[in-house]
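Asks: I need the structure of the sequence given here:
(one chain, ligands or ions: 1)
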Amino acid sequence: MEAYKVANASGLVKLDAMENPYPWPKQMKTEWLKLMAEADINRYPDPSSALLIKKLRKTFDIGDDQAVLLGNGSDELIQLVLMALNPSSCVLVPTPSFVMYQQISTSLGLPCECVPLNADFSLNMPMMLEAIKKHDPAVIFLAYPNNPTANLFDENDIIKIVEACNGLIIIDEAYQPFAGKTFLQKLTKNMPQLLVMRTVSKLGLAGLRLGYLVGDKALLEQFEKIRLPYNINVLTQLTATFAFDHIKELDKQAESICKQRESLLRALGDVENITVFPSQANFILFSLLDKSAKNVFSKLKKAGILIKLMGNVEGLPTECLRVTVGTQEQNKQFLNALTSIYNES
Ligand SMILES: Cc1ncc(COP(=O)(O)O)c(C=O)c1O
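Replies: Predicted coordinates:
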């Protein structure tokens, strides 16, 4: 295995990790700092995060018939779910997708079967159904929208997968704030194997490390057994509860990111010899038809812009790069740097 590498972004315009680029308004920050000053950091956190879960249920309209499990980021939830499996279980993911599904499976010694997406990044249903039949996976992860391809899978395809699979289907809605579509309201007693996972990272709280898994009570009780009691720290519990009181501000920021995404999609589409893929998320995948992605990535970095080089990711077109939607100013800096790279040769 190789450790998950995070690029050093110091001094660079950071457009590599799908973070929300906007700070909080001054008044909100002042109120929050007052709250922080009163935090009992000499005490262990509430192990059940009761106040936070109550606020979360209200903010995101989570029904009383569903349970909520919190993780130190959704990364930890992925790990929790996989740790709970029988060691002979298999994990199934369409690829390319979020690398942590495979990374954590491998770290736990679980086989991870990959099914390539179609060329338009939709689910290859014949192959998915065949793989389900062949491997009987204990868990299937479906990122909705998917990372790095930025698209939403077809809802009916997902339902067909839920119907065909004996194991759990985790719909990872990390990018839901930018897609507007969700399976949260589709969670019912008839489909207890369907779970929805979300994170607050992309909404603007990446530094907090908070993810939540919603689904069947009896199922989530099993994961509760292996959750470490204090996985959500005092500052995260207080800050997330406070932030949900100001959800309108975060929603406004997400709306603005979506507007910026549309402008960035248009502008990138105007650059000759670049193929831009549609996006329902806060990032854009694009491939270079006549240049090396590695070269362009390095030149952008030299110009002070950090994006993500996709490298040889199976299932992606060659020479792909992924850029996070930033502020209007950051996007302009990125586009200027990119166009000057194109103009120099
Ligand atoms: C699809 C997907 N799920 C989950 C995560 C990680 O979320 P968190 O920051 O809550 O660990 C990411 C991060 O990029 C992601 O792309």
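
Asks: nearest spatial neighbour of the residue nearest the centre of the chain, chain-adjacent residues omitted?
Replies: The centroid of the chain falls nearest to Ala174 when counting by CA atoms, centre = their mean (3.4 Å). In space, and not counting its chain neighbours, Ala174 is closest to Thr199: 4.9 Å by CB to CB, 6 or more residues apart in numbering. C-betas here are computed from N, CA, C, even on glycine.

Asks: with Ala143 instead?
Replies: Asp172 (4.4 Å).

Asks: report pLDDT for the residue nearest to the centre of the chain.
Replies: Ala174 carries a pLDDT score of 98 in this model.

Asks: what sits against the residue nearest to Ala143?
Replies: Counting by CB atoms under 8 Å, 6 or more residues apart in numbering, Asp172 makes contact with Ser74, Phe98, Phe141, Leu142, Ala143, Tyr144, Met197.

Asks: so which of these sit within strands?
Replies: Counting by DSSP state E, the contacts of Asp172 place Phe141, Leu142, Ala143, Met197 in strands.

Asks: out of those, flag the one nearest to Asn42.
Replies: The closest of the ones in strands among the contacts of Asp172 to Asn42 turns out to be Met197 (CB to CB; 32.4 Å).

Asks: surely that closest one touches Tyr175?
Replies: No - the criterion here is CB atoms under 8 Å, and Met197 misses it with Tyr175 at 11.7 Å.

Asks: list the residues that contact the residue nearest to the centre of the chain.
Replies: By CB under 8 Å, 6+ apart, the contact list for Ala174 reads Ser74, Phe98, Ala143, Asn147, Met197, Arg198, Thr199, Ser201, Lys202.

Asks: give me every residue in the stretch 101-250 of the chain lying close to the ligand.
Replies: Ala143, Asn147, Asp172, Ala174, Thr199, Ser201, Ala206, Gly211 (CB under 6 Å from any ligand atom).

Asks: for burial, what's the neighbour tally of the last one?
Replies: Burial of Gly211, expressed as a neighbour count using other CB atoms under 10 Å, amounts to 24.

Asks: kindly report the same for Gln193.
Replies: By other CB under 10 Å, neighbour count at Gln193 equals 17.

Asks: in which helix or strand does the closest residue in space to Val234 that isn't next to it in sequence reside?
Replies: Closest residue to Val234 apart from its sequence neighbours, by CB to CB, 6+ apart: Pro45 at 4.5 Å. Per DSSP states H and E, Pro45 falls between elements, in no helix or strand.

Asks: likewise for Thr339?
Replies: helix 328-344.

Asks: just the helices in the stretch 51-200 of the chain please.
Replies: 74-83, 99-107, 125-135, 155-164, 176-179 (DSSP state H, counting those that start in this stretch).

Asks: measure the residue of the stretch 1-150 of the chain found nearest the ligand to Leu210 for me?
Replies: Nearest to the ligand in the stretch 1-150 of the chain, going by CB to the nearest ligand atom, is Gly73, at a distance of 3.0 Å. Gly73 is 7 Å from Leu210, where distance means CB to CB, to the nearest Å.

Asks: give me the more crowded residue out of those two.
Replies: The residue with more neighbours, out of Gly73 and Leu210, is Leu210; 29 against 20, by other CB under 10 Å.

Asks: for that one, phi and psi?
Replies: phi -150, psi 120 (degrees, to the nearest 10).

Asks: just list the residues touching the closest residue to it other than its chain neighbours, thanks.
Replies: In this structure, Leu210 finds its nearest non-sequential neighbour in Val200, 4.8 Å apart by CB to CB, 6+ apart. By CB under 8 Å, 6+ apart, Val200 lies in contact with Ala206, Leu208, Leu210, Gly211, Ala240, Ala243.

Asks: got a list of contacts for the longest helix anywhere in the chain?
Replies: Longest among the helix segments of the chain by residue count, using DSSP state H, is helix 247-269. Contacting residues not belonging to helix 247-269 are listed as 20-22, 24-25, 28, 59, 177-178, 203-205, 243, 274, 276, 278-279, 282, 284, 286, 323, 325-328, 331, 335, 338 [CB under 8 Å, 6+ apart].
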